[in-house]
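Visitor: Give me a model of this one.
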Amino acid sequence: MARPIDGTSAWGVERTELQRAHASVPGRLIVQTLFDIPVGLHSGRHSHRGEEGDPFLISPDTVHNARNIGTVETRMLSTYFIDDTKPLVTTY
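Guide: Below you'll find the model as predicted:
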């Protein structure tokens with residue numbers, strides 16, 4: 001069953017919310033986060049209630065898992081366009 005999570009996951013990765021603002025589209029928010037994934041760790045399967053933007057596009061409610069297979073910490077800057085009544089992240 002899916003469950004919402006807060007800003008820091010239990011897997012050792014950290015999501016820091018940088019900004020949150022109402023979009024020009026009623027009922028939608030724009031949220032920008034910095035996501036740090038230590039070497040060998042992953043975010044865990046999760047989805048978002050809206051689009052996650054550039055440099056890639058993940059459609060709403062698509063379950064995905066960000067994994068660091070490199071030799072240095074990965075940092076991702078993510079921008080989300082989400083429903084303002086839903087949590088940013090839902091884990092599975």
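Visitor: Not counting its neighbours along the chain, what's nearest Pro60?
Guide: Gly50 (5.3 Å; CB to CB, 6 or more residues apart in numbering). Every residue, glycine included, has its C-beta placed from N, CA and C.
Visitor: Show me where this structure has its strands.
Guide: In the chain, the segments counted as strands under DSSP state E are 3-4, 14-22, 28-37, 46-47, 50-52, 74-83, 90-91.
Visitor: Now that the residue nearest to Pro60 has come up, it's in contact with Thr79, right?
Guide: No: judged on CB atoms under 8 Å, Gly50 makes no contact with Thr79 at a distance of 10.3 Å.
Visitor: neighbour-wise, which of those two wins?
Guide: Higher neighbour count among Gly50 and Thr79: Gly50, with 22 against 14, using other CB atoms under 10 Å.
Visitor: Dig out what the more buried one forms beta bridges with.
Guide: Bridge pairing for Gly50 (DSSP bridges) gives the partners Ile82.
Visitor: wait, what's in contact with it?
Guide: 28-29, 60, 80-83, 86 (CB atoms under 8 Å, 6 or more residues apart in numbering).
Visitor: What pLDDT is listed against it?
Guide: Looking at Gly50, its pLDDT is 84.
Visitor: From Gly70, how far off is it?
Guide: 28 Å (CB to CB, to the nearest Å).
Visitor: What of Asp83?
Guide: Distance from Asp83 to Gly70, by CB to CB: 33 Å.
Visitor: Those two: who's more crowded?
Guide: Shown here are Asp83 and Gly70; by other CB under 10 Å, Asp83 has more neighbours (13 against 10).
Visitor: Contacts for stretch 61-79, please.
Guide: Under CB under 8 Å, 6+ apart, the answer for stretch 61-79 is 13, 18, 30-49, 52-54, 58, 92.
Visitor: what about that stretch, distance to the chain center?
Guide: Taking the mean of its C-alpha atoms, stretch 61-79 sits 9 Å from the chain's own mean (CA atoms, centre = their mean, to the nearest Å).
Visitor: What residues of that stretch count as buried?
Guide: Using 16 or more other CB atoms under 10 Å as the test for burial, stretch 61-79 gives 66, 68, 74, 76, 78.
Visitor: Appreciated, that's everything.
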